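Visitor: what's the 3D shape of this:
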Amino acid sequence: MDKETIICRCEELSYEEIEEVIRLGAESFDDIKRITRCGMGPCQAKMCADLVSQMIHEQTRKEYEEIPLPRTRMPISPISIETLSTNSQHFSAVKSVLDEVELEDGKVR
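Guide: Purely as a prediction, here's the structure:
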């Protein structure tokens, strides 16, 4: 795999960045997550967990059965389907009432 290949799309982490963390001693997905935020985006590691496990296996020679699965935690607030389907990078658990206000010529309608 190319060093510039993006492994975690949500956090824009490359193969090279994750490889470096493994080289420094990370042995599980959660170790990598704590250092890089890999798996903490809107997809919650659904897209990158297998690739990261493969990288750990290749670089540490650990068997897949020895590599713990990532811990999953529920988001603080529900994530909309729109956020997941568009891979929006502007997700926030905090919703502003201003998001629901319509402006016309800079004034609230």
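
Visitor: contacts for stretch 52-65?
Guide: With contact meaning CB atoms under 8 Å, 6 or more residues apart in numbering, stretch 52-65 is reached by 7-8, 15, 18-19, 22-23, 26-29, 32, 38-39, 45, 67. Just so you know, the C-beta spots here come from the backbone N, C-alpha and C atoms, and that holds for glycine as well.

Visitor: Okay, strands next: where are they in this protein?
Guide: Applying DSSP state E to the chain gives strands spanning 6-8, 13-14, 103-104, 107-108.

Visitor: For the first one, give me every contacting residue.
Guide: The one in question is strand 6-8. 12-15, 18, 36, 38-39, 41, 47-48, 51-52, 55.

Visitor: partner strands of that strand, parallel or antiparallel?
Guide: Using DSSP bridges, the strands paired with strand 6-8 are strand 13-14 (antiparallel).

Visitor: Tell me the gap between the partner strand and the middle of its chain.
Guide: Taking CA atoms, centre = their mean, to the nearest Å, one finds strand 13-14 lying 10 Å from the centre of the chain it belongs to.

Visitor: Next, the buried residues of the lengthiest helix in the chain.
Guide: Counting residues, the longest helix found in the chain (DSSP state H) is helix 49-60. Neighbour counts over helix 49-60 (16 or more other CB atoms under 10 Å) mark A49, L51, V52, S53, M55, I56, T60 as buried.
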